[in-house]
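Visitor: 3D, please:
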Amino acid sequence: QVQLVESGGGLVQPGDSLRLSCAASGRTFSEFAVGWFRQTPEKERDLVATIGGSGGSTYYVDSVKGRFTISRDNAKATVYLQMNNLKLEDTAVYHCAVNVESNGVPVVGSWGYDYWGPGTQVTVSS
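Guide: Numbers count the residues shown, from 1 in each chain. Next comes the predicted model:
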């Protein structure tokens with residue numbers, strides 16, 4: 001079992017920054033890839049970024065490349081999503097998820113992400 005809790009969401013203006021945190025407890029955190037996903041009422045939950053267990057490999061969806069940075073601190077069992085130059089279309093509930101199937105390799109898509117946090121709301125509004 002892995003328990004996840006996200007924090008750091010909020011209401012910001014376009015161009016602002018936020019840093020989301022995903023704190024984990026339970027199984028050995030450094031073994032697993034972690035992904036950040038986002039969901040709106042109009043869309044399914046989509047992968048935004050993912051990072052391998054060691055932190056050496058990352059992936060970003062095209063719409064956030066150059067603006068978002070995923071990182072992790074395994075000693076603190078925490079993964080971060082630094083979001084800069086936020087846009088209106090970044091508004092969503094952001095969830096982190098742990099992939100326990102991929103042996104620490106980042107996975108693009110939803111396969112293997114078996115444990116999810118409840119999410120944190122990010123609202124970008126002018």
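Visitor: Now do the contacts for the residue most central in space within the chain.
Guide: Residue closest to the average C-alpha location in the chain (Cα atoms, centre = their mean): residue 36, at 2.0 Å. The contact partners of residue 36, by Cβ atoms under 8 Å, 6 or more residues apart in numbering, come to 20, 22, 47-50, 70, 79, 81, 94-96. Any C-beta I mention is one placed from the backbone N, CA and C, and that applies to glycine too.
Visitor: what sits opposite it in the beta ladder?
Guide: As for beta bridges, residue 36 partners with residue 49, residue 96 under DSSP bridges.
Visitor: Strands along this structure, start to end?
Guide: 2-7, 10-12, 18-26, 33-39, 46-51, 58-60, 68-73, 78-83, 92-99, 113-116, 120-124 (DSSP state E).
Visitor: now the second one: how far from the chain's centre is it?
Guide: Okay, so that is strand 10-12. Distance, stretch centre to chain centre, for strand 10-12: 17 Å (Cα atoms, centre = their mean, to the nearest Å).
Visitor: Which neighbouring elements make contact with it?
Guide: Judged by 3 or more Cβ pairs under 8 Å, 6 or more residues apart in numbering; DSSP states H and E, strand 10-12 is in contact with strand 120-124.
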